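Q: Okay, here's the prediction I keep looking at, along with the sequence it came from:
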Amino acid sequence: MEVDTESAPALEAATTFADLGLDPRILSSLDEMGYKIPTPIQKQAIPLVLSGRDLMAQAQTGTGKTAAFALPLLQKMLAHANTSASPARHPVRALVLAPTRELVIQVHESVVTYNKNLPLRSTVVFGGVDMKPQEAALKAGVEILVATPGRLLDHCGSRGALLSQVQFLVLDEADRMLDMGFMPDLKRILNLLPSQRQTLLFSATFDDSIVGLAKSFLRNPLKVEVARRNSATELVEQVVHKVREDDKLDALVKVVKALDIGQALVFTRTKIAADKLGRRLLKRGIQAATIHGDKAQLERLAALDGFKQGKVHLLVATDIAARGLDIVELPCVVNYELPYAPEDYIHRIGRTGRAGASGLAVSLVSHEEERLLAGIERFIKRDLKVTPLPEAAQVQVVVPPAAVASPAASPGVPTRFGRRRAEPVCALLMPPPAGGPPETDSPTALS
């Protein structure tokens, strides 16, 4: 497979979305969102997609990958846009596949926003929820379908999703789909698609398995890389604290309090560990919630919504559940447990430091995890800074709830990391009062 790694100089000349030749209606949607200047991946990928070439694109999460494929596909489908009520006039023309429910929801939300001024229909299908509403949306006709592979095959099996007119296929987070064992499903879906189509593969990392996938699914693709291979974003400060396994909970609370972190996404390796940590944080009086693959979809959405609204301060997640989370201005990611796969470390810390913002990634590393740390350092080709746990501020003012609402309180005082809050975060991270229930690992309902 020949891969052209050279980009035409004209690509670099584009300084605004208007320079990329997008329709005024698409530009209007971008203007309403405040988007004026394309990111590097958008600047390079959009012209190539518009030219009709297959594409292998590698970029760190948070660099605008979704717009890099969604905007040019909307542009290319304008010729088929219509306001007819007939479902036959709205066949699936663009199929976007992604590995998790959270990611397909996020991608579809972006498509809806970019598409708001166009007569093109879209919908999203994923597992864990009732199929009937999804079937109704598909039956009405959609041009853009965003889906997880398993649920898409369910709809194809019942003839609810017809893919014979698909012209564009996007594989988003392709590395994660391979990690999760979706290759058999991908092959089944490929057999349902026309052989003549444009295929785009987006991945945060490139390795031999991704190259093999590209050889199977893409035709003489162009290759775009906007960051050093397997690199972590330079906007994220990465620190390591060496702690005993039994001291990790205390260390997590100390880091959050000492650095005055408003919100953080906390990663564990397993669902059991996530549940256990979530319960223990709640026992400490910390507003925490948990998401993982065994949680019902409504529970996951409720936890994520609470986190985005600032009601939940620490969101504990496994790697699979957190893939695709896009939280504006997320200040901090904590590796409560290091991942087994070094690639997952890049995906984790990519949740912060997004869209040009700075971020903090803290790893709590026990003696048993030092081998995993060494593997991560080899993978990203840099040594991670090991530092002592931060010391709490000398003066800690705890404001009781009544005082927070009083005129004397100072609303809008920013924390070092996180959104502006009316109340000091420290007050929400205090241990339970003396005489309260002792900390246990018994199940506790999330608020």
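A: Now that the structure is in, tell me what you want to look at.

Q: Contacts only, for Ile376.
A: 338, 342, 345, 384 (Cβ atoms under 8 Å, 6 or more residues apart in numbering). The C-beta positions use only the backbone N, C-alpha and C, and glycine is treated the same way.

Q: Kindly apply the preceding question to Ala70 instead.
A: 96, 107, 110-111, 114.

Q: Was I right to think Ala94 contacts Leu163?
A: No. Between Ala94 and Leu163 there is no contact under Cβ atoms under 8 Å: 10.8 Å.

Q: which of the two has more neighbours?
A: Ala94 (26 against 20; other Cβ atoms under 10 Å).

Q: Could you list everything the more buried one pairs with in the sheet?
A: Ile144, Phe168 (DSSP bridges).

Q: Quick check: it vs Gln238, distance?
A: Separation of Ala94 from Gln238 (Cβ to Cβ, to the nearest Å): 37 Å.

Q: what do you get for Gln106?
A: Distance from Gln106 to Gln238, by Cβ to Cβ: 24 Å.

Q: same deal with Ala204?
A: In terms of Cβ to Cβ, Ala204 sits 16 Å off from Gln238.

Q: and what of Thr83?
A: Counting by Cβ to Cβ, the gap from Thr83 to Gln238 is 50 Å.

Q: More neighbours: which of these two?
A: Gln238 (22 against 7).

Q: Tell me the secondary structure at the more buried one.
A: When classified by DSSP: H, G, I helix; E, B strand; the rest coil, Gln238 comes out as strand.

Q: How about the contacts made by it?
A: By Cβ under 8 Å, 6+ apart, the residues touching Gln238 are 232, 349, 361, 363, 384-385.

Q: In stretch 144-164, which residues are buried?
A: By neighbour count on 16 or more other Cβ atoms under 10 Å, the buried set for stretch 144-164 is 144-149, 151-156, 160-161, 163.

Q: no wait, stretch 302-313
A: 302-304, 306-308, 312-313.

Q: ok, now how distant is the nearest residue to Ser84 once chain neighbours are set aside from Ser110?
A: The shortest distance from Ser84 to any non-neighbouring residue, by Cβ to Cβ, 6 or more residues apart in numbering, is to His90 (7.3 Å). His90 is 20 Å from Ser110, where distance means Cβ to Cβ.

Q: more neighbours, the two?
A: Legend: neighbour count by other Cβ under 10 Å for His90 and Ser110, higher for His90 (22 against 19).

Q: what's near enough to touch the more buried one?
A: 82, 84, 121, 140-143.

Q: Any chance of these in JSON lines with secondary structure as columns?
A: JSON lines is the format used below for these (three-state DSSP):
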{"residue": "Asn82", "secondary structure": "coil"}
{"residue": "Ser84", "secondary structure": "coil"}
{"residue": "Arg121", "secondary structure": "coil"}
{"residue": "Ala140", "secondary structure": "helix"}
{"residue": "Gly141", "secondary structure": "coil"}
{"residue": "Val142", "secondary structure": "coil"}
{"residue": "Glu143", "secondary structure": "coil"}
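
Q: Redo these as a markdown table? Include distance to Asn220 and pLDDT.
A: Below are the contacts of His90 laid out as a markdown table (distance: Cβ to Cβ, whole Å; pLDDT from 0 to 100):
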| residue | distance to Asn220 | pLDDT |
| --- | --- | --- |
| Asn82 | 33 | 94 |
| Ser84 | 36 | 94 |
| Arg121 | 32 | 96 |
| Ala140 | 37 | 95 |
| Gly141 | 33 | 95 |
| Val142 | 30 | 96 |
| Glu143 | 26 | 97 |
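
Q: Considering those, which possesses the most neighbours?
A: Of the contacts of His90, with other Cβ under 10 Å as the count, Glu143 tops at 26 neighbours.

Q: out of everything not next to it in sequence, what's closest to Lys36?
A: Of all residues not flanking Lys36 in the chain, Thr16 sits nearest, at 5.9 Å (Cβ to Cβ, 6+ apart).

Q: which residues does the one you found contact?
A: 36-38.

Q: Distance of Ser203 relative to Val96?
A: Relative to Val96, and taking Cβ to Cβ, Ser203 is found at 14 Å.

Q: can you tell me the distance between the two ends of stretch 257-271?
A: Start and end residues of stretch 257-271 are separated by 25 Å (Cα to Cα, to the nearest Å).

Q: in that stretch, what counts as buried?
A: In stretch 257-271, counting by 16+ other Cβ under 10 Å, buried: 257-269, 271.

Q: residue ranges with poor pLDDT in the stretch 151-300 of the chain?
A: 227-234 (pLDDT under 70).

Q: Okay, strands next: where are they in this protein?
A: Along the chain, counting by DSSP state E, strands occupy 55-58, 94-97, 122-125, 144-147, 168-171, 198-203, 222-225, 236-242, 264-267, 288-291, 314-317, 332-335, 359-365, 385-386.
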